[in-house]
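A.B. asks: no sequence for this one, just the structure:
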């Protein structure tokens, strides 16, 4: 009997101990949960504070535009370089992850140290560091330029650091460049490797049909050379269209290289050669006056229909290029030679552009006509859509409204007496 009572008391003591442990455990768990909730609240509060701070930094001078292409209202940032960039350039920064790491200003969480770096650096300070010695002739792309130019500009600044050391600019600033580029054949359209040489001293860009050839196939005088990237037309991101004048008529060369840096270096080497030529040719001109003349993009390109000078022939579909005051047309966008060129003067010299076609005009398929009136004759074109018509008229109007320069009168005179 005594033994049974002792056992019962022992069991009760064990139960009591278990209940006490369970109570303490529940109390500790509740305290821990409350502490965790407080910690999460503090973390959330810090995140909101950092998010507000990084957004406020967009209002600092220089931060309201993309550090790389100038696009307004950037919403991304490199939190390792300390710069604010647009969505498009943020994608290019992802190609140099060993240097630049990006996140969204609006959507991603920010740590206090990351915000401090953005505040310490910012776009203006980064520009002063990474763009210390950009050559005057070097093309600094905008948000309107092709992806290749913007990517190589970003790589040149942050990866290769070309604008902090003059020696790293030699590929395009030495005054001489030689190398092999893929060139499109004039007749068969095949791309073949050709040796190109750019010589500032000779004032020429030339290429050779054979690697061991002594004489060049073509010599292009640097004073008439232009270069513009044409990725869509050529079909490759590295596609470059080079034009020059031969007997005052435009000639096209289409080239590319697998290495994007190689093509951008060629492009800037051509700009450097033209810059130094123009400095000699126009010794009184300022740098700001010369820079727009180094290379130029076309005002507009696209298909239109055209008829002949008698306006009785059927309209034919042609590819048109508006290059400054030269309106050229080609059977194919990649033709080496234009089928014809039209000089577009200014309104003071009786050049006008009108929507529509003269009454009784026949033979056109597209319904949106354009008439260009020159002192000598009318040129008739037809566009496929109303939007195309408006865009072409706006392009023509831009040129016609601009007064002619003295040297342009000589070009006009050549067109009038062209055989």
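C.D. replies: Arrived safely, thanks for sending. Quick caveat, the model's predicted, so the values are computed rather than measured.
A.B. asks: Quick one: the strands in the stretch 51-200 of the chain, in order.
C.D. replies: Secondary structure of the stretch 51-200 of the chain (DSSP state E, counting those that start in this stretch): strands located at 76-78, 83-85, 102-104, 176-184, 191-199.
A.B. asks: quick one: pLDDT of residue 1?
C.D. replies: pLDDT recorded at residue 1 is 45.
A.B. asks: Let's have the strands of the stretch 51-200 of the chain in a markdown table, adding distance to residue 217.
C.D. replies: In this view, the C-beta of every residue, glycine as well, is placed from N, C-alpha and C. What follows is the strands of the stretch 51-200 of the chain, written out as a markdown table (distance: least, CB to CB, whole Å):
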| stretch | distance to residue 217 |
| --- | --- |
| strand 76-78 | 45 |
| strand 83-85 | 43 |
| strand 102-104 | 46 |
| strand 176-184 | 10 |
| strand 191-199 | 8 |
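A.B. asks: Let me have these in CSV, extended by mean neighbour count, distance to residue 135 and mean pLDDT.
C.D. replies: Below are those laid out as CSV (neighbours: other CB atoms under 10 Å; distance: least, CB to CB, whole Å; pLDDT from 0 to 100):
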stretch, mean neighbour count, distance to residue 135, mean pLDDT
strand 76-78, 27, 24, 98
strand 83-85, 29, 22, 98
strand 102-104, 17, 28, 96
strand 176-184, 17, 14, 97
strand 191-199, 17, 16, 97
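A.B. asks: So which of these is nearest residue 303?
C.D. replies: Nearest to residue 303 among these is strand 176-184; the distance by CB to CB comes to 20.2 Å.
A.B. asks: Residues touching that closest one, excluding its own?
C.D. replies: 171, 190-201, 207, 211, 234, 253-257, 262-263, 265-266, 269, 334 (CB atoms under 8 Å, 6 or more residues apart in numbering).
A.B. asks: partners of that strand in the sheet?
C.D. replies: strand 191-199 (antiparallel), strand 249-256 (antiparallel) (DSSP bridges).
A.B. asks: any chance of these in CSV, with distance to residue 374 too?
C.D. replies: CSV is the format used below for the strands paired with strand 176-184 (distance: least, CB to CB, whole Å):
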stretch, distance to residue 374
strand 191-199, 37
strand 249-256, 18
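A.B. asks: Residue 417 is nearest to which of the ones you listed?
C.D. replies: strand 249-256 (13.8 Å).
A.B. asks: Need the nearest residue in space to residue 193, chain neighbours excluded.
C.D. replies: Excluding its sequence neighbours, the residue lying closest to residue 193 (CB to CB, 6 or more residues apart in numbering) is residue 180, at 5.0 Å.
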